[in-house]
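K.L.:
3D, please:
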Amino acid sequence: MKKIILLTGSSGMVGRNIINHNFSQNYKILSPTSSDLNLLNYKDIEDYIAFNKPELVIHAAGIVGGIEANINYPVKFLVNNMQIGLNILMASKTQKVKKFINFSSSCMYPKNAKNPLSEDLILKGELEPTNEGYALAKLTSTRLCEYITREDSSFSYKTVIPCNLYGKYDDFNYDSSHMIPGVIRKIHDAKNKNLEFVNIWGDGLARREFMYAADIADFIYYAVENFNKMPQNINVGLGLDYTIIEYYKIIADVIGYKGKFNHDMSKPTGMKRKLIDDKRLNEFGWSYQTSLELGIKKTYDYFLNEVKK
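P.N.:
You can find the predicted model right below:
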């Protein structure tokens, strides 16, 4: 009999990559949409879990967005994400779901922390203000997983801390996208309009680590199969990063844009660097498979064939 897994966030980029992974056929995955299950309603969640009896919950739901969205809507990013996290965790605990994989974010690391960012740096300093609300919500869920496991060792609630993600099923809207899909759209439009320049926020020297989303799905199935040896908190990423300028240049090469880049110094750039420490990840026995160039190409193909058609 197949193991029953409840996956939240099934309509998001991470959730859809998990569902469409080859290994998904080995499990019975419950993937309710927001219309099927309101994660802001605790009773709805508890009733759903009581009825379906999942053996494991993978919590990948949340309100996400880039710097601009986080700056403009901090209340939503804090309150909704915190409420969703508390609801799914406590409902799972109440219904005695013994295993839980919680998706967090590397944005919960202190803004001035020394890179690479190791898991023991959580709550060791001030957060980056541009996405502080989202980070606070993720910190709360991460700590609650630790508390639940500490209070009762029959529960094993663990947290995955991925680096920035991009890929198939990403959000390419200007108002809500993360950096890579936003830049893909910006440079695609610039090429089509024969624009001479594309603007980069800030000096472009900030460094970021982005992993192709199909790889995080691959990690999740590895984690499910090796759950007992998985650490309480674990970074998942490449262990290497690139400057914002380098991302723009690689995306421009893939798209075939020949224009130049301007720097808008009035715009925020966020943390100067955010590179995860992959020591625990390597010890756990997993590593990524998709290079940045290949991931960008696959993502642009998806944009052309599924988003723009």
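
K.L.:
In stretch 254-269, which residues are buried?
P.N.:
Across stretch 254-269, burial judged by 16 or more other CB atoms under 10 Å covers 254-255, 257, 261, 269. Heads up, the C-betas are built off the backbone N, CA and C, glycines and all.

K.L.:
quick one: contacts of that stretch?
P.N.:
With CB atoms under 8 Å, 6 or more residues apart in numbering as the test, stretch 254-269 has contacts from 67, 71, 130, 184, 187-188, 190-191, 195-204, 206, 244-245, 248, 252, 293, 296-297, 300.

K.L.:
let's see it at 6 Å
P.N.:
Contacts of stretch 254-269 with the rest of the structure, by CB atoms under 6 Å, 6 or more residues apart in numbering, involve 67, 130, 187-188, 190-191, 196-203, 206, 248, 296-297, 300.

K.L.:
Buried ones among those residues?
P.N.:
Among these, the ones that count as buried by 16+ other CB under 10 Å are 67, 130, 187-188, 190-191, 198, 200-202, 206, 248, 296-297, 300.

K.L.:
out of those, which are inside strands?
P.N.:
Among these, the members falling in strands (DSSP state E) are 198, 200-201.

K.L.:
Kindly indicate which of those lies nearest Lys28.
P.N.:
Of all these, Trp201 has the smallest distance to Lys28: 43.7 Å, by CB to CB.

K.L.:
which residues touch the closest one?
P.N.:
By CB under 6 Å, 6+ apart, the contact list for Trp201 reads 264, 267, 269.

K.L.:
quick check, the last one in a helix?
P.N.:
No. If the criterion is DSSP: H, G, I helix; E, B strand; the rest coil, then Thr269 is coil and not within a helix.

K.L.:
State the distance from it to Leu89.
P.N.:
Separation of Thr269 from Leu89 (CB to CB, to the nearest Å): 33 Å.

K.L.:
Any chance of CSV for the buried residues of stretch 254-269, columns distance to Thr94, secondary structure and pLDDT?
P.N.:
Putting these into CSV (distance: CB to CB, whole Å; DSSP: H, G, I helix; E, B strand; the rest coil; pLDDT from 0 to 100) gives the following:
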residue, distance to Thr94, secondary structure, pLDDT
Val254, 48, helix, 98
Ile255, 49, helix, 98
Tyr257, 53, coil, 98
Phe261, 52, strand, 97
Thr269, 43, coil, 75
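
K.L.:
Can you show me the helices along the stretch 1-150 of the chain?
P.N.:
13-19, 42-52, 67-72, 74-94, 132-151 (DSSP state H, counting those that start in this stretch).

K.L.:
gap between the third one and the chain center?
P.N.:
Its chain's C-alpha centre and that of helix 67-72 lie 16 Å apart, by CA atoms, centre = their mean, to the nearest Å.

K.L.:
List of residues touching it?
P.N.:
Outside helix 67-72, the residues that touch it by CB under 6 Å, 6+ apart are 77, 130-131, 134, 176, 268, 270.

K.L.:
which one of these is nearest Asn20?
P.N.:
Lowest distance from Asn20 to the contacts of helix 67-72 (CB to CB) belongs to Ser176, with 22.0 Å.

K.L.:
pretty sure the closest one is touching Gly65, no?
P.N.:
Yes. Ser176 lies in contact with Gly65 (CB atoms under 6 Å); the separation is 4.8 Å.

K.L.:
So for the two, which sits in the more crowded spot?
P.N.:
Taking other CB atoms under 10 Å, Ser176 and Gly65 do not tie; Gly65 has more neighbours (20 against 17).

K.L.:
so who does the more buried one touch?
P.N.:
Ser176.

K.L.:
go again using 8 Å as the cut-off
P.N.:
Residues near Gly65 by CB under 8 Å, 6+ apart: 73, 77, 171, 176-178.

K.L.:
re earlier: now, among the buried residues of stretch 254-269, which is nearest to Asn235?
P.N.:
Nearest to Asn235 among the buried residues of stretch 254-269, counting by CB to CB, is Thr269 at 22.3 Å.

K.L.:
now the closest one, nearest residue through space, not along the chain?
P.N.:
Spatial nearest neighbour of Thr269, excluding adjacent residues (CB to CB, 6 or more residues apart in numbering): Gly202 at 3.4 Å.

K.L.:
what pLDDT does that neighbour get?
P.N.:
With respect to pLDDT, Gly202 scores 92.

K.L.:
Next: Lys309.
P.N.:
The score at Lys309 is 64. That number is its pLDDT.

K.L.:
likewise Tyr166?
P.N.:
On pLDDT, Tyr166 comes in at 97.

K.L.:
Any idea what it is bridged to?
P.N.:
Taking DSSP bridges as the rule, Tyr166 bridges to Tyr212.

K.L.:
mind starting the numbering at 21 from now?
P.N.:
All set: I'll call the first residue 21, so the last point we hit is now Tyr186.

K.L.:
isn't the residue nearest to Thr289 right next to Tyr268, touching?
P.N.:
No. Using CB atoms under 8 Å, Gly222 makes no contact with Tyr268, being 11.8 Å away.
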